[in-house]
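**Q** The following block contains a protein sequence and its predicted model.
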Amino acid sequence: MTSKPDRVVLIGVAGDSGCGKSTFLRRLTDLFGEDFVTVICLDDYHSLDRKQRKETGITALNPKANNFDLMYEQIKALKNGQAIDKPIYNHETGMIDPPERVDPNHIIVVEGLHPLYDERVRSLLDFSVYLDISDDVKIAWKIQRDMAERGHRYEDVIAAINARRPDFSAYIEPQKEFADVVIQVLPTELIKEDKERKVLRVRLLQRFGVEGFEPAYLFDEGSTINWTPCGRKLTCSYPGIRMFYGPDTYYGHEVSVLEVDGQFDNLEEVIYIEGHLSNTATKYYGELTHLLLQHKEYPGSNNGTGLFQVLTGLKMRATYERLTAGEAKMTAKV
């Protein structure tokens, strides 16, 4: 680990399983460096093991299967610069293993199904994001993964999705209301009756009024803009690319929306898009494109998912730098 941090910055990453959290976390680690970031998976706070959940009929999505008191105490301790003995949920055995020592780090990412569920845990977070995959896309992804890679039958995949839905709607989805940023992944509007879900429409909802957070915008802040950037500067094969920027309300909050529908044929040309975005929190011209190009193989790199995950990562870096700069000033005064 790097030097002991003066200030621990806590980031929450929420969303259902299979919604792209792992890819997003890899992008964050690329941005900050592995030694700088510690990721805590909230599955480790399961209070019921797999066997107990099966016996009681309580799913992992249900708060009753999770120990929020311990979660809060330990995350609070880390934020205060204290080491913890964190439990471990073993995904292979479904059992709870002996705890491991976790030291405070510059950035602690709290990720999983419930980072924004408990009001106490939520209040500790310095920045939060919710990855919101629409049902249509989620079903297509899960069918592709479970049928193609795991040999499951279509009926079983759909039954598994439907079994999770009540708890997802009751306990996971409502957390969207509290996130600073929501990345929505939706079916494209460029292809009529698209069934494959390979082309996606991705929306970045950025909340106004979050201290120190300035939403990124396209062309002219506060305007409503529909932009088709295809042409000489951006190669677009069918069905092309369409972008949107404008204000909206979300759960009663004022938000700024950036949207990309379609996919990029040549990632190097994303710099053309980047050139028309402002408030990206990049350090140099082209950094967003550079970070996207660094790992072309990551899922979503050729559409708005990758673009907005990187952009959100840059916003998290700006939050970290603002908070630690404030801490440094306080220390200097003392």
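**A** Nice, I can see it. Residues are numbered from 1 along each chain as shown.

**Q** give me every residue that touches the residue nearest to Trp227 when sequence neighbours are not counted.
**A** The shortest distance from Trp227 to any non-neighbouring residue, by CB to CB, 6 or more residues apart in numbering, is to Met243 (4.5 Å). Glycine gets a C-beta too; all of them are placed from N, C-alpha and C. Counting by CB atoms under 8 Å, 6 or more residues apart in numbering, Met243 touches 218, 225-229, 258-261, 273.

**Q** Strands - which of those residues land there?
**A** Counting by DSSP state E, these place 218, 225-227, 258-261 in strands.

**Q** Report how many residues lie close to Asp220.
**A** Using other CB atoms under 10 Å, Asp220 has 10 other residues around it.

**Q** That one looks like it's in a strand, true?
**A** No - per DSSP: H, G, I helix; E, B strand; the rest coil, Asp220 lies outside any strand segment and is coil.

**Q** so where's the stretch 151-300 of the chain shaky on pLDDT?
**A** In the prediction, the stretch 151-300 of the chain carries residues with pLDDT under 70 at positions 195-196.

**Q** circling back to that earlier point, from the ones in strands among the contacts of Met243, list the buried ones, please.
**A** 218, 227, 258-261 (16 or more other CB atoms under 10 Å).

**Q** Any idea how far the strand or helix carrying His290 is from the middle of the chain?
**A** Element membership for His290 (DSSP states H and E) is helix 287-294. Chain-centre distance of helix 287-294: 18 Å, with CA atoms, centre = their mean, to the nearest Å.

**Q** For it, list the C-alpha coordinates in PDB.
**A** Output of helix 287-294 as PDB, limited to C-alpha atoms (Å, rounded to 0.1, in the frame of the first residue of the first chain):
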ATOM      1  CA  GLU A 287      -7.200  12.300 -21.700                       C
ATOM      2  CA  LEU A 288     -10.700  10.900 -21.800                       C
ATOM      3  CA  THR A 289     -10.100   9.300 -25.200                       C
ATOM      4  CA  HIS A 290      -6.700   8.000 -24.000                       C
ATOM      5  CA  LEU A 291      -8.200   6.300 -21.000                       C
ATOM      6  CA  LEU A 292     -10.900   4.700 -23.200                       C
ATOM      7  CA  LEU A 293      -8.200   3.500 -25.700                       C
ATOM      8  CA  GLN A 294      -6.100   2.100 -22.900                       C
END
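
**Q** shift numbering so it begins at 145
**A** Done: numbering now begins at 145, and the last item shifts to helix 431-438.

**Q** got the buried residues for that helix?
**A** By neighbour count with 16+ other CB under 10 Å, helix 431-438 contains the buried residues 431-436.

**Q** got those residues as TSV, with distance to His296 columns?
**A** Output for these, formatted as TSV (distance: CB to CB, whole Å):
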residue	distance to His296
Glu431	41
Leu432	37
Thr433	38
His434	39
Leu435	35
Leu436	32
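
**Q** what about Tyr395, how many neighbours?
**A** Neighbours of Tyr395 (other CB under 10 Å): 13.

**Q** wait, I meant Lys195
**A** Using other CB under 10 Å, Lys195 has 11 other residues around it.

**Q** Now do the same for the nearest residue to it once chain neighbours are set aside: helix, strand or coil?
**A** The spatial neighbour of Lys195 that comes closest, neighbours along the chain excluded (CB to CB, 6+ apart), is Gly238 at 6.6 Å. Look at Gly238: counting by three-state DSSP, its state is coil.

**Q** Which parts of the protein are strands?
**A** Assigned by DSSP E, the chain shows strands spanning 153-158, 181-185, 228-233, 240-246, 251-256, 271-277, 325-331, 344-351, 361-362, 369-371, 385-394, 397-406, 421-422.
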